[in-house]
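A.B. asks: just to be clear, the model below is a prediction. Sequence and coordinates:
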Amino acid sequence: MRYLMRWVGLCLLGGWWLGWAPPVLAGPDDDGVQTLRAAQVLLSTDDTRPAADDARWQPDALPAYRAAPAAWFRVEFTVADRAPSHALYLPYLYGGGSIWLNGHHIAEVNRTAPGLRVRWERPHLLLLPPQLLRNGRNELMIHASAAHYPPKTILPRLRIGPVQALQTAYEWRSFVTRAMPVIAIALCLAGGSVALFVWWRRRSEVVYGYFGMAALSWAFRSTTFTIDTWRDDLWDLWRLLYYVGTGGLVIGLCLLALHQAGWLRPGLRRALLTYWALGPIAYLVGTDRLADGVWVTGLLPLGGVALVAAIAGAFKRRNVASTTIALTLLMTFVAGAHDLLLARDSALLLQTLPEWSAHRFFLLHHAATLMLAVMGATLAERFVRSLHALERVNATLEARVQAREHEIAQSYQRIATLEAARAAADERQRIMQELHDGLGSQLFAGLAQAERGDLSGEQMASLLRDSIAEMRLAIDALTSGQDDFRAVFGNFRYRWEPRLRDFGVQGQWVFDLPEALPPIEPHAALQLLRIAQESLTNVIKHARARTVEVRLALRGRHLQLTVQDDGRGLDESGRSGHGLRNMRARAQRLGAELQIGGGPGGTRVALELPVT
């Protein structure tokens, strides 16, 4: 629906220009307004005084076209008695000139002179001095100059009448020839800059680059309708920008249409860009004659190529956007051909549309601006659609990520449950293994001795006491947490101090531990306590010591356990060899370093366990 309304508006605008604009801009011949359609012409460059009546004046119809650098035009009009203030309305006077009323000089419109170039596009509304007007017949003489190459002097149909009656036509033509190009320049500069920025950040989006090229080129080209006078030293620069802008629009549209149709190839792109550069080069080499006469004419078939490609693209895509672009490009092509014929005073156009041609409305800058606006809106809508598609993709991706995160979380939960179950099973297995290797071994050995009758009552009691101690030791260590080693070792001391005293050994316990002790796994704690227990058992059974020192300290990243007695040292008979082998095996399982030394000064057992 938006495209349909856009196309309807475009058709209405085209119809307005072709059918309604000229009458509105010209105004009706009522309210005392006279449209002067005939004149007498005298080719002369002398602008100091009007020529005499007996000079070689030639009758001509307005608008008059003379292939000369300057000419005098004489027209007659009548003024009724007691008429209001009159004004002269000139729709255009490209090269400027001087204006005389009844033999008196009344106005001067700047024209090309040494150091100055002019190109008037805007209209002029000049107040006629009331004291110079006569009741009845009056004579107006205008010395008009050519604007620039080709040296052609044009005088439009003149309109004379009350100021209020001519004001509307003057303001409307001023708006069309001056204000609308300024608006077009601003829009093209903004839209083209944005498009080129998008292309610069995303080189794959070449359509934005081609559109930006065409829009900025047209902004340069449209300056011809906004600046009337130029200094000589800036004239060549402005004409160079004029040709750059004219070629940039046509070549940019051609590249865009060919790309959309799928016909653009690297060689063709280089050829088109080369032709674009030939226009400014032709101006620098041969001035306007070569650039305007040959190069600009060659842009017309290139515009036809762009039109054919746009129509092919519309048939290929079969959507409203492509169709709208093709239609606006068709309108621009027709407007460009119209302006080329109008600028060269083609007899075909002058004879086919004489009334329309008399107003000399150049349509390309309006049609091209409209076409660029439609293309810009289409590209902007394409960009918005891409953003919407990206948002939908992001939303879908986010939903998928959330679903996958939920699945992963559930998987982790299942893995954690399995790990916990496996850890519990492993812990149970370790407890069973420890009970089997420690308490179980003692009970089975005691049972075998009891069955053979090898145990006395005292030995049986000792065996049971050792079994109970082993059981308590395993329970304390294996049921504790990683941070409970201080308490576990305290329970170990509490149980062993009375036993040492019972055997006549004075125990000394030294703890050099920080408040924050690194965590120790229960299984590692059990192995460490068993090493300490085996060391103290050896002290009771074999050392014949009076004192024993148990020192537990943390040195850096190592936990050190030292058991030092003052007994007779290691038993040389080897009766304690089995216990020492167990201690070394336990230290190896812990990854600890165990040192056992003995001599006349007693036995020293030192264990160093790495902790984190």
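C.D. replies: Thanks, I have the structure now.
A.B. asks: pull out the buried positions in stretch 535-548.
C.D. replies: For stretch 535-548, burial by neighbour count (16 or more other CB atoms under 10 Å) applies to S535, L536, T537, N538, V539, I540, H542, A543, R544, A545, V548. No exception for glycine: its C-beta is placed from N, CA and C like everyone else's.
A.B. asks: OK, contacts around the fifth one?
C.D. replies: Pointing back at V539 there. Listed by CB atoms under 8 Å, 6 or more residues apart in numbering, the contact set of V539 reads L500, V505, A545, V548, V563, D565, G567, T603.
A.B. asks: out of the residues you listed, which comes closest to A399?
C.D. replies: Using CB to CB, the shortest approach to A399 within these belongs to V563, at 64.6 Å.
A.B. asks: the buried residues of stretch 535-548 in helices, which ones?
C.D. replies: S535, L536, T537, N538 (DSSP state H).
A.B. asks: okay, domains of this protein per the record?
C.D. replies: Here the domain assignment for the chain is 32-173, 177-387, 483-610, based on automatic domain parsing.
A.B. asks: out of these, name the one with the poorest average pLDDT.
C.D. replies: Mean pLDDT is lowest for domain 483-610 out of the domains of the chain, coming in at a mean of 82.
A.B. asks: and that domain, how far out from the chain's middle?
C.D. replies: Chain-centre distance of domain 483-610: 71 Å, with CA atoms, centre = their mean, to the nearest Å.
A.B. asks: equivalent analysis for stretch 162-175, please.
C.D. replies: Counting by CA atoms, centre = their mean, stretch 162-175 comes out at 47 Å from the chain centroid.
A.B. asks: could you shift the numbering so residue one becomes 43, and keep it that way?
C.D. replies: All right, first residue 43 from here; so that's stretch 204-217.
A.B. asks: how about that stretch: buried residues?
C.D. replies: A207, L208, A211, Y212, W214, R215, S216.
A.B. asks: Serialize these to a markdown table and add fields for secondary structure and distance to G335.
C.D. replies: Listed next are the buried residues of stretch 204-217 as a markdown table, based on DSSP: H, G, I helix; E, B strand; the rest coil; distance: CB to CB, whole Å:
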| residue | secondary structure | distance to G335 |
| --- | --- | --- |
| A207 | helix | 41 |
| L208 | helix | 37 |
| A211 | helix | 34 |
| Y212 | helix | 34 |
| W214 | helix | 33 |
| R215 | helix | 29 |
| S216 | helix | 31 |
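A.B. asks: wait, a helix at G378?
C.D. replies: Yes. Counting by DSSP: H, G, I helix; E, B strand; the rest coil, G378 is found in a helix.
A.B. asks: how close does I582 get to Q569?
C.D. replies: 21 Å (CB to CB, to the nearest Å).
A.B. asks: one step back: among the domains of the chain, which comes closest to A445?
C.D. replies: Closest among these, once you apply CB to CB, is domain 219-429, at 24.5 Å.
A.B. asks: among the buried residues of stretch 577-590, which two are most distant?
C.D. replies: S577 and R586 (15.0 Å).
A.B. asks: reduced to three states, what does A129 come out as?
C.D. replies: Per three-state DSSP, A129 ends up strand.
A.B. asks: show me what contacts it?
C.D. replies: Taking CB under 8 Å, 6+ apart as the contact definition, A129 lies against L167, L168, L169, L170, I202, G203, P204, V205, L208.
A.B. asks: what's across from it in the sheet?
C.D. replies: L169, G203 (DSSP bridges).
A.B. asks: got a list of contacts for stretch 364-372?
C.D. replies: Residues contacting stretch 364-372 (CB under 8 Å, 6+ apart): 45, 48-49, 52, 295, 299, 302, 348-349, 352-353, 355-356, 358, 409, 412-413, 416-417, 420.
A.B. asks: count of neighbours near E461?
C.D. replies: 11 (other CB atoms under 10 Å).
A.B. asks: and it, how far is that from E447?
C.D. replies: 20 Å.
A.B. asks: and P561, which of the three is it?
C.D. replies: Criterion first, three-state DSSP; result for P561: coil.
A.B. asks: any figure for the gap between it and T365?
C.D. replies: 76 Å.
A.B. asks: so which of these two has more stuff around it?
C.D. replies: Neighbour totals were compared for P561 and T365, and T365 leads with 18 against 13 (other CB under 10 Å).
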